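Asker: task: produce atomic coordinates for the following.
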Amino acid sequence: QVQLVESGGGLVQAGGSLRLSCAVSRRTFSWAHMGWFRQAPGKDREFVAGISISGGTTSYADSVKGRFTISRDVAKNTVYLQMNSLKIEDTAVYYCAAAADWRPTDLRAYAYWGQGTQVTVSS
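Answerer: Reported below is the predicted structural model:
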């Protein structure tokens, strides 16, 4: 059974930091490339960051490059998204997702999704 459970969202002031976590079932973690997406009210779900199975390759949306860092911890079967210098426009529900193929920015590549965690950035 594939399970993805996000945590770590919350309310933060602009300029602050948050770290999101995505706990992944062990079997899934061993074969899946992982990604983070977000969806703001009234907008489409968009790619944020992706990381390959080995962790050796990462990909970021231009809007978060230099501010966000994706990583994965094999021992904990967990994927992280460290978010620094947060902006009001980063406010969204953040989702982690698992994909068998490395097409990190393609939402359709991800077969499994978590339930999402809310991130709200205030002024």
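
Asker: so after the helix or strand of the chain with the lowest mean pLDDT, what's the next helix or strand?
Answerer: Least confident helix or strand, the chain: helix 26-31 with a mean of 90, by mean pLDDT, DSSP states H and E. Using DSSP states H and E, the next helix or strand after helix 26-31 towards the C-terminus is strand 33-39.

Asker: roughly how far is the helix or strand following that following strand from the heart of the chain?
Answerer: Next along the chain after strand 33-39, taking DSSP H and E as the criterion, comes strand 46-51. Its chain's average C-alpha position is 6 Å from that of strand 46-51, according to C-alpha atoms, centre = their mean, to the nearest Å.

Asker: which parts of the one helix or strand Tyr112 maps to are buried?
Answerer: Assessed by DSSP H and E, Tyr112 sits inside strand 110-113. Buried residues in strand 110-113, counting neighbours by 16 or more other C-beta atoms under 10 Å, are found at Tyr110, Tyr112, Trp113. Where you see a C-beta, it was placed from the backbone N, CA and C, and this is true even at glycine.

Asker: equivalent analysis for stretch 54-62, please.
Answerer: Ser59, Tyr60, Ala61.

Asker: can you check what pLDDT the model gives the first one?
Answerer: If I follow you right, that is Ser59. pLDDT, Ser59: 98.

Asker: ditto for Gly10
Answerer: So, for Gly10, pLDDT stands at 97.

Asker: OK, contacts around the residue nearest to Ser25 when sequence neighbours are not counted?
Answerer: Spatial nearest neighbour of Ser25, excluding adjacent residues (C-beta to C-beta, 6 or more residues apart in numbering): Gln3 at 4.4 Å. Neighbouring residues of Gln3 by C-beta atoms under 8 Å, 6 or more residues apart in numbering: Ala23, Val24, Ser25, Thr28.
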